[in-house]
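Student: got a sequence here, can you model it:
(one chain, ligands or ions: 1)
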Amino acid sequence: MSGSEPTTAAGWLAKAEAFLAEKGVPEASVNAEFLLAEALGVGRGQAKAEGTRTLTRKETLRFWETVKSRGRRIPLAYVLGWQPFAGCRIEVDDSVLIPRPETEELVELAAREAESLGRPVHIVDVGTGSGCVAIALARRLPDAVVYATDVSSSALRLAESNAMANHVSRRVKVLKEDLFKPHSGAPWADVAVSNPPYIPSAEVDRLEPEVLKEPRLALDGGKDGLLHLRAIAGDAKRLVKPGGRVLLEFGAGQAADVRALLVKGGLSAVRIVKDAQGMDRFAAATV
Ligand SMILES: C[S@@+](CC[C@H](N)C(=O)[O-])C[C@H]1O[C@@H](n2cnc3c(N)ncnc32)[C@H](O)[C@@H]1O
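Tutor: Predicted structure coming up:
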């Protein structure tokens, strides 16, 4: 903090907005509002409404610490330490991808497919990260048991603690598994869902500074971006029981390739589903 310091909430908000804008943070004012709300322990609307209130020294210090972090282009969710997702509060740190809004649509798609089977299901969430998909599915489907897998031990620790905080730890089991190792034994899952890394390696370095703070392990889908999607599609019949469902999220321009991978993997009724923005974003198939 330097120069003449504001005293009121509105003054600090304006100062933070100018600081963040200067650092190139997109939507600087919205970011400043979220950070002030967190520092005051209130909702974003209320933070704005407290404009004339004088901030305490403690509130000011707490607020400005987070503003400085955001100015270093650390994503808002990492600065706050959490992200809302499908009605759940999901804690995040830089060991996991920040849950994206479109992935809430993957949850809804998987839930509807699971319900269409007409029985309590065993679901596997491949590459669970923060656990957001597994947890949201467990909350949406009270009879389901969800296995949340990842290769990252730190992600699995966070997923487990998120499952506890969202009261589904009895039905969300975290497992360390590498999706590149083909499954052995009989297929056991009714539904497999995954939002795997799918960005082509060469594109990762060109991403926004905020995205580059997320783990490369969660972003990099190999040379053509399809490395993980290819492995999941190829292993689906070893993992999912006959008649079960596979739901995948993928990136821009990958729909035709993902469809072909699922067909090659021996799956049927393959369909591509658009997201709310009208982009081909998900694939659904029957094993
Ligand atoms: C795009 S992130 C998705 C995280 C979360 N499911 C979500 O939707 O926000 C992909 C996840 O796949 C995990 N992953 C990467 N390689 C993997 C592998 N070989 N086996 C299992 N998981 C892997 C990463 O650690 C990361 O958590």
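Student: drop to CA atoms for contacts and neighbour counts, all remaining ones
Tutor: OK.
Student: near the ligand, which residues of the stretch 101-250 of the chain are found?
Tutor: By Cα under 6 Å from any ligand atom, the part of the stretch 101-250 of the chain that sits against the ligand consists of 103, 127-130, 132-133, 150-152, 177-180, 195-197, 217-219.
Student: let's see it at 5 Å
Tutor: The stretch 101-250 of the chain comes close to the ligand at residues Gly127, Thr128, Gly129, Asp150, Val151, Asp178, Leu179, Asn195, Pro196, Pro197, Ala218, as judged by Cα under 5 Å from any ligand atom.
Student: wait, the fifth one sits on Val174?
Tutor: This points to Val151. No - contact criterion Cα atoms under 8 Å: Val151 and Val174 do not qualify, at 10.7 Å.
Student: out of the two, which sits in the busier spot?
Tutor: Neighbours per residue, other Cα atoms under 10 Å: of Val151 and Val174, the larger number sits with Val174, 25 against 17.
Student: the more buried one looks like it's in a strand, true?
Tutor: Yes - residue assignment for Val174, taken from DSSP: H, G, I helix; E, B strand; the rest coil, places it within a strand.
Student: mind giving me the ChimeraX select for the residues of the stretch 101-250 of the chain next to the ligand, buried ones only?
Tutor: A single ChimeraX command suffices to select whichever of these are buried according to 16 or more other Cα atoms under 10 Å:
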select :127,128,129,150,151,179,195,196,197,218
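Student: so what touches the helix or strand of the chain with the lowest mean pLDDT?
Tutor: Scoring the helices and strands of the chain by mean pLDDT, DSSP states H and E places helix 44-49 at the bottom, with a mean of 80. Residues from elsewhere that reach helix 44-49, judged by Cα atoms under 8 Å, 6 or more residues apart in numbering: Ala9, Ala10, Glu33, Phe34, Leu36, Ala37, Leu40.
Student: now it, how far from the centre of its chain.
Tutor: Distance of helix 44-49 from the chain centroid (Cα atoms, centre = their mean, to the nearest Å) equals 26 Å.
Student: neighbouring contacts of the helix or strand following it?
Tutor: Once helix 44-49 ends, the next helix or strand along the chain (criterion: DSSP states H and E) is helix 57-71. If you take Cα under 8 Å, 6+ apart as the criterion, helix 57-71 is touched by 1, 16, 19-20, 23, 25, 32, 35-36, 38-40, 76, 79-80.
Student: narrow the residues you listed to just the buried residues.
Tutor: For the contacts of helix 57-71, burial is judged from neighbour counts taken by 16+ other Cα under 10 Å, and it is met by 16, 19-20, 25, 32, 35-36, 38-40, 76, 79-80.
Student: can you put those in CSV and add pLDDT, secondary structure and distance to Arg112?
Tutor: Shown next, in CSV, are those (pLDDT from 0 to 100; DSSP: H, G, I helix; E, B strand; the rest coil; distance: Cα to Cα, whole Å):
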residue, pLDDT, secondary structure, distance to Arg112
Ala16, 97, helix, 43
Phe19, 97, helix, 45
Leu20, 98, helix, 41
Val25, 96, coil, 37
Ala32, 96, helix, 37
Leu35, 96, helix, 36
Leu36, 95, helix, 38
Glu38, 93, helix, 35
Ala39, 92, helix, 39
Leu40, 90, helix, 39
Leu76, 97, helix, 31
Val79, 97, helix, 34
Leu80, 96, helix, 32
